[in-house]
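In: coordinates only, sequence not included:
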C-alpha cells in the first residue's frame with residue numbers, strides 16, 4: 001500500500017522546503033507501513049477513490065496512462081490524502097463511539 005521509496009527524493013533547493021515531506025523522510029519505513037495498514041478497508045477505498053478522481057483513471061488494459069507532476073504537486077496530493085485519512089479515521093471512531101453509546105443506552109433501558 002505505501003511505498004517508502006516515494007519519499008527518497010532529494011531536495012537541492014533550500015527555498016523549496018516541504019515540512020511534511022521532511023517529517024515523513026525522518027520516519028522509519030516500518031512506522032509508515034504500520035500507519036498505512038492501520039486504516040480500515042473503508043477508509044482505504046475512499047482515499048483510493050479520491051486520489052483516482054484527482055488524477056483521472058483510465059483502464060490500464062486499454063490505455064497507456066502516464067502522469068507527470070512536480071514534486072510540490074505530488075507532496076500536496078500526499079498531504080491531502082493524509083489529512084483526508086485522519087479526518088475519515090476520526091469520523092469512523094466517532095461513529096463507533098456513537099454506536100457503542102447507543103447500544104449501552106438501549107441495554108440500560110431494557111434492564
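Out: Okay, I see it. Just so we're clear, the structure is a prediction, and the values are computed from it rather than from any experiment.

In: If you average the pLDDT over the longest helix along the chain, what comes out?
Out: Criterion DSSP state H: the longest helix present in the chain is helix 71-110. For helix 71-110, mean pLDDT rounds to 83.

In: So which elements touch that helix?
Out: Judged by 3 or more C-beta pairs under 8 Å, 6 or more residues apart in numbering; DSSP states H and E, helix 71-110 is in contact with helix 19-26, helix 41-55. Just so you know, the C-beta spots here come from the backbone N, C-alpha and C atoms, and that holds for glycine as well.

In: got the angle between that helix and helix 41-55?
Out: 150 degrees (axes from the mean of the first three to the mean of the last three C-alpha atoms, to 10 degrees).

In: which residues touch the nearest residue to residue 50 once chain neighbours are set aside?
Out: Counting by C-beta to C-beta, 6 or more residues apart in numbering, residue 84 is the residue found nearest to residue 50 once chain neighbours are left out, at 6.1 Å. With contact set as C-beta atoms under 8 Å, 6 or more residues apart in numbering, residue 84 has these partners: 46, 47, 50.

In: What about the nearest residue to the first one once chain neighbours are set aside, how many residues nearby?
Out: Sequence neighbours aside, residue 88 is the residue nearest to residue 46 in space, at 5.9 Å (criterion: C-beta to C-beta, 6+ apart). Neighbourhood size, residue 88 [other C-beta atoms under 10 Å]: 18.

In: Verify the contact between residue 88 and residue 47 for me.
Out: Yes. At 7.4 Å, residue 88 and residue 47 qualify as touching, with contact defined as C-beta atoms under 8 Å.

In: For residue 77, list the residues it contacts.
Out: 51, 54, 55, 69.
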